[in-house]
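>>> turn this into a model:
(one chain, ligands or ions: 3)
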Amino acid sequence: MITCSAPGKVYLFGEHAVVYGQSAICCAIDLRTRVQAEEHDSIVIESVLGTTGLDQEVHPYVSRVIEKMKAFGNIRGVRIHIDSELPVGSGLGSSAAVTVASIQALNQLYSCGLQLEEVASMGHIIEREVQGNASPTDTYVSTMGGVVMIPERRRLNGLECSIIVGNTGKFSSTRELVANVAKLRQEFPDIIDPILNNIGRMSHLAEEHVNRYDYETMGKLMNVNQGLLDAIGVGGAELSELVYAARDAGAISAKITGAGGGGCMVALASKQDAGKIASAIRNKGAEAILTSNTQEGVRLEP
Ligand SMILES: Nc1ncnc2c1ncn2[C@@H]1O[C@H](COP(=O)(O)OP(=O)(O)O)[C@@H](O)[C@H]1O
Ligand SMILES: C[C@@](O)(CCOP(=O)(O)O)CC(=O)O
Ligand SMILES: [Mg+2]
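Ligands and ions are numbered 1, 2, ... in the order given. Predicted structure coming up:
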């Protein structure tokens, strides 16, 4: 039996805009999805979502992984068991983490010889198929870890501050939110495209501040990014409530992470202030998770 794990992520900048080729800065976090794989007499996928065979409804990501990996290994029957610290459908990249960890588990179990770049690239293809349209961000960061600028694939210095995630508990479908932005963009290209361009420019402006650990400047720009996410319609009352609660409690910055609508927001704070911000989020009745940046992408577990 083989176990592989892959991390989730938060966006410091650029979700949605990155789908249209703009730059984003994305940060792997220390919450992981673990996938066990062993040879079996049939195909079985077990997760919190249920136990199935190949099933495009319940397990669209993992089913596609198995189908695609058949080209690289002699996969007849396999049992896949998934455990995750990432809330499902909430902007922390659970879809990418489960996809990347599953690819790597089969890659190891069947000695397929795929390199990390190939794992990330297959992950991206699968996210695109399931989501309708997808950037390579989540799957690349989940594969490589660290803080990465996409599409440049530039690794930036890691974050050393605390990362606080606030979960509205409201499911957010990435597929749906990406489609909503596409529709708004089609309706008002002259308004929406400059917003997406500005989000991309913000990532470029922020790059040197990330590399210099200048959280104040990064934070100011992240708060501007939050306003622009609201402008493209991916905000929500629950998210805004947590964003303002975190800022009022002393967060350096607070914004949506990922697709939005529901799901999670992310706040940056000094290690000293992190507890205070988590409490402010919990006082609003939401779950707060304290985490940090990880340099470790997908890995084989002992
Ligand atoms: N632990 C898990 N087990 C099986 N499938 C998962 C798991 N976590 C996520 N997924 C898959 O990812 C989908 C959610 O992906 P998505 O809408 O992109 O949200 P996000 O990636 O922000 O969590 C789920 O509907 C499911 O198909
Ligand atoms: C909205 C988007 O930029 C990020 C989605 O992230 P998540 O699935 O909500 O964790 C889509 C993408 O980049 O593929
Ligand atoms: Mg996703």
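
>>> which SS class is residue 169?
Following DSSP: H, G, I helix; E, B strand; the rest coil, the label given to residue 169 is coil.

>>> that one: neighbour count?
When neighbours are defined as other C-beta atoms under 10 Å, residue 169 has 14 of them. For glycine as for every other residue, the C-beta is placed from the backbone atoms N, C-alpha and C.

>>> any idea how far it lies from residue 63?
27 Å (C-beta to C-beta, to the nearest Å).

>>> what does residue 230 give?
In terms of C-beta to C-beta, residue 230 sits 35 Å off from residue 63.

>>> higher neighbour count, the two?
The residue with more neighbours, out of residue 230 and residue 63, is residue 63; 22 against 17, by other C-beta under 10 Å.

>>> which SSE is that one in?
helix 60-69 (DSSP states H and E).

>>> quick one: that helix near ligand 2?
No. Using C-beta under 6 Å from any ligand atom, helix 60-69 stays clear of ligand 2, with a minimum separation of 10.9 Å.

>>> which strands and helices sit next to that helix?
Where contact means 3 or more C-beta pairs under 8 Å, 6 or more residues apart in numbering; DSSP states H and E, helix 60-69 is packed against strand 43-47, strand 78-84, helix 94-109, helix 116-131.

>>> next helix or strand past the helix or strand containing residue 276?
Per DSSP H and E, residue 276 falls inside helix 274-283. Scanning forward in sequence from helix 274-283 by DSSP H and E, the next helix or strand is strand 287-291.

>>> what strands flank that following strand, and is each parallel or antiparallel?
Using DSSP bridges, strand 287-291 pairs in its sheet with strand 162-167 (antiparallel).

>>> what's the average pLDDT for the partner strand?
If you average the pLDDT over strand 162-167, you get 98.

>>> stretch 31-39 now?
98.

>>> do stretch 97-116 as well
98.

>>> coming back round to it: only alpha carbons, please: show the helix holding residue 276 as CSV.
C-alpha atoms of helix 274-283 as CSV (Å, rounded to 0.1, in the frame of the first residue of the first chain):
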residue,chain,number,x,y,z
ALA,A,274,-3.4,35.3,15.2
GLY,A,275,-5.4,34.0,18.2
LYS,A,276,-7.3,37.2,18.5
ILE,A,277,-8.4,37.0,14.8
ALA,A,278,-9.4,33.4,15.1
SER,A,279,-11.6,34.3,18.1
ALA,A,280,-13.2,37.2,16.2
ILE,A,281,-14.1,34.7,13.4
ARG,A,282,-15.5,32.2,15.8
ASN,A,283,-17.5,34.9,17.5
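
>>> show me what counts as buried in it.
Within helix 274-283, the residues scored as buried using 16 or more other C-beta atoms under 10 Å are 274, 277-278, 280-281.

>>> now swap in stretch 58-66 and tell me
Those would be 59-66, for stretch 58-66 by 16+ other C-beta under 10 Å.

>>> name the stretch among the helices and strands packed on helix 60-69 that sits most buried.
helix 94-109 (a mean of 28; mean count of other C-beta atoms under 10 Å).

>>> wait, residue 232 sits on residue 15?
No. In this structure residue 232 lies outside contact range of residue 15 using C-beta atoms under 8 Å: 10.0 Å.

>>> list of residues touching stretch 145-155?
7, 12, 14, 18, 21, 23-28, 135-137, 140-141, 144, 156-159, 203, 207, 210, 293-297 (C-beta atoms under 8 Å, 6 or more residues apart in numbering).

>>> what subset of these is buried?
7, 12, 14, 18, 23-28, 135-137, 140-141, 144, 156, 158-159, 203, 207, 210, 293-294, 297.

>>> doesn't residue 234 make contact with residue 177?
Yes. With contact defined as C-beta under 8 Å, residue 177 reaches residue 234; the gap is 5.5 Å.
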